[in-house]
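**Student:** Fold the following.
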Amino acid sequence: MLKMSDLIDNDNNWIGGSTTLVQTGDIVDRGDDTIAIFQLFMKLKRQAEDAGGKVIEILGNHELMNYVGDLRYVTQRDYDSFGGAEKRAAAWEKDGWIGSYVTQLPIGAKIGKTAFFHGGLSPFFSYHGLKRLEDARMKAMNQNSRSDIIQNKLFKK
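**Tutor:** Modelled structure (predicted):
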C-alpha cells in the first residue's frame with residue numbers, strides 16, 4: 001500500500017515529501033514480520049520528518065496486547081524471528097526496543113478537521129476529548145506496570 005500510494009520507493013525509503021501518513025494500529029499479529037515492520041516505520045518516521053512530511057502511528061489493541069503479554073495471536077515464526085520467546089519478550093519490555101517505542105504511540109490523532117483512532121471512538125470516550133484520553137494512555141503505559149494496565153479502569157462512567 002505504501003508503494004502504491006507513492007509514499008515509499010522500491011528500497012522502502014520515504015518519497016512522500018510533505019505528506020502525512022497515519023497508520024491506525026495493529027501492525028503486529030498479522031504475520032511473522034514484526035521486526036521488519038517496526039524497523040520500517042521507525043525509519044520512515046525519521047525520513048518523512050527530514051522531508052517535511054510526517055508518519056503518525058496510532059496505538060492499536062494488538063500493540064497493547066503484546067505490550068501487556070497477551071500473545072495469543074503471535075506465530076511461532078514470529079517468536080523465531082526474534083531468536084525465541086525470551087528475546088521477543090525482552091524487546092516488548094517497557095525499556096525494550098519495541099516496548100519503549102509503543103509506549104510513545106498516541107491513542108489518536110487530529111489532522112485538520114479529521115480525527116484518527118484505531119477502531120473508532122465510542123460516544124463515552126469522545127466526551128473526554130483527545131487530550132484527556134492521551135494523558136490517560138500516557139499515564140497508564142508509562143507509570144503503571146503492564147499487569148496494572150490490564151486491570152486499570154482509566155475512566156469511570
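
**Student:** how close does Val55 get to Val22?
**Tutor:** As judged by Cβ to Cβ, to the nearest Å, Val55 and Val22 stand 8 Å apart. Glycine gets a C-beta too; all of them are placed from N, C-alpha and C.

**Student:** and what of Tyr79?
**Tutor:** 30 Å.

**Student:** Can you tell me what sits against stretch 87-105?
**Tutor:** Stretch 87-105 has contacts (Cβ atoms under 8 Å, 6 or more residues apart in numbering) with 25, 34, 38, 42, 57-59, 63-64, 66-67, 69, 74, 78-79, 82, 141-142, 146.

**Student:** Can you flag the buried ones in the residues you listed?
**Tutor:** Buried members of those, scored by 16 or more other Cβ atoms under 10 Å, are 25, 34, 38, 57-59, 63-64, 66-67, 74, 78-79, 82, 141, 146.

**Student:** Pick out the lowest-pLDDT one from those.
**Tutor:** The lowest pLDDT within the buried ones among the contacts of stretch 87-105 belongs to Arg146, with 59.

**Student:** ok, for the residue nearest the centre of the chain, nearest residue in space, not its chain neighbours?
**Tutor:** Geometric centre of the chain, nearest residue: Leu59, 3.9 Å, by Cα atoms, centre = their mean. For Leu59, ignoring the flanking residues on the chain, the nearest one in space by Cβ to Cβ, 6 or more residues apart in numbering is Leu105 at 4.1 Å.

**Student:** neighbour-wise, which of Val55 and Val22 wins?
**Tutor:** Between Val55 and Val22, counted using other Cβ atoms under 10 Å, Val55 has the larger neighbour count: 22 against 14.
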